[in-house]
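Novice: here's a sequence, model it:
(2 chains)
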2 protein chains.
Amino acid sequence: MTYSIQIKVMPLKELLDPQGKAVLGGLANLGLASIKDVRIGKHITLEVEAGSAEEARAKAEEASKKLLANPVMEFYEIELVN
Amino acid sequence: MTYSIQIKVMPLKELLDPQGKAVLGGLANLGLASIKDVRIGKHITLEVEAGSAEEARAKAEEASKKLLANPVMEFYEIELVN
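Specialist: Numbering: from 1, shown residues only, chains lettered A, B, ... in the order given. Here you go, the predicted structure:
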């Protein structure tokens, strides 16, 4: 069966996010000064062929650890959609 | 009150996603051939100062339309966290 998995990869809360800061400045220039903080990360959707939901989630964990997220700078959250 | 908003910005389903294709190849090389498709977009979190949840969501809509997403290539989904 094919499972849809969503992975959110965000910069660690302790770290500055220069891309987010740049967007925050852009929003203020557009008159959206009520937006007080912006953080930007990656949103990844995977289609995983697996025998069970647990197996699909394990594959997504492995992919996140090995390739998708850099644990020095980022954390990730995995969510199974179906 | 401050509202936390999450915005997912993904490449339109009709379009190729070269970054996703590159990651898919990388995963296959790492032995994760059971992952059949990868699409990569942006995940944005906003902290919005607003009088109501509706107002916060409207600000996020405006930010998405004006700056965060390019409607020619991307779609977005807004989710209010609190």
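Novice: flag every residue of chain A that's near chain B.
Specialist: A:2, A:8-10, A:20, A:23, A:26-27, A:30, A:32, A:34-50, A:59, A:62-63, A:66-68 (C-beta under 8 Å from any C-beta of the partner chain). For the C-beta atoms, the positions are set from N, CA and C on the backbone; glycine is no exception.
Novice: just the buried members of those residues?
Specialist: Neighbour-count burial (16 or more other C-beta atoms under 10 Å in any protein chain shown) is assigned, among those, to A:8-10, A:20, A:23, A:27, A:32, A:34-35, A:38-48, A:50, A:59, A:62-63, A:68.
Novice: what sits against residue A:60?
Specialist: With contact set as C-beta atoms under 8 Å, 6 or more residues apart in numbering or on different chains, residue A:60 has these partners: A:5, A:7, A:46, A:48, A:78.
Novice: and it, helix, strand or coil?
Specialist: State at residue A:60, reduced to three classes by DSSP: H, G, I helix; E, B strand; the rest coil: helix.
Novice: which ones among the contacts of residue A:60 are found in helices?
Specialist: Judged by DSSP state H, helices contain none of the contacts of residue A:60.
Novice: just checking, residue A:20 touches residue A:40?
Specialist: Yes: with contact defined as C-beta atoms under 8 Å, residue A:20 reaches residue A:40; the gap is 4.8 Å.
Novice: anything in contact with each of those two?
Specialist: Shared contacts of residue A:20 and residue A:40, defined by C-beta under 8 Å, 6+ apart, comprise A:11, B:44.
Novice: packing partners for the top strand by length along chain A?
Specialist: Secondary structure of chain A per DSSP state E: the longest strand is strand A:35-49. Counting contacts by 3 or more C-beta pairs under 8 Å, 6 or more residues apart in numbering or on different chains; DSSP states H and E, strand A:35-49 packs against strand A:2-11, helix A:18-29, helix A:53-63, strand B:2-11, strand B:35-49.
Novice: that strand versus strand B:2-11: what angle between them?
Specialist: Calculated by axes from the mean of the first three to the mean of the last three C-alpha atoms, to 10 degrees, strand A:35-49 forms an angle of 40 degrees with strand B:2-11.
Novice: cheers, nothing more for now.
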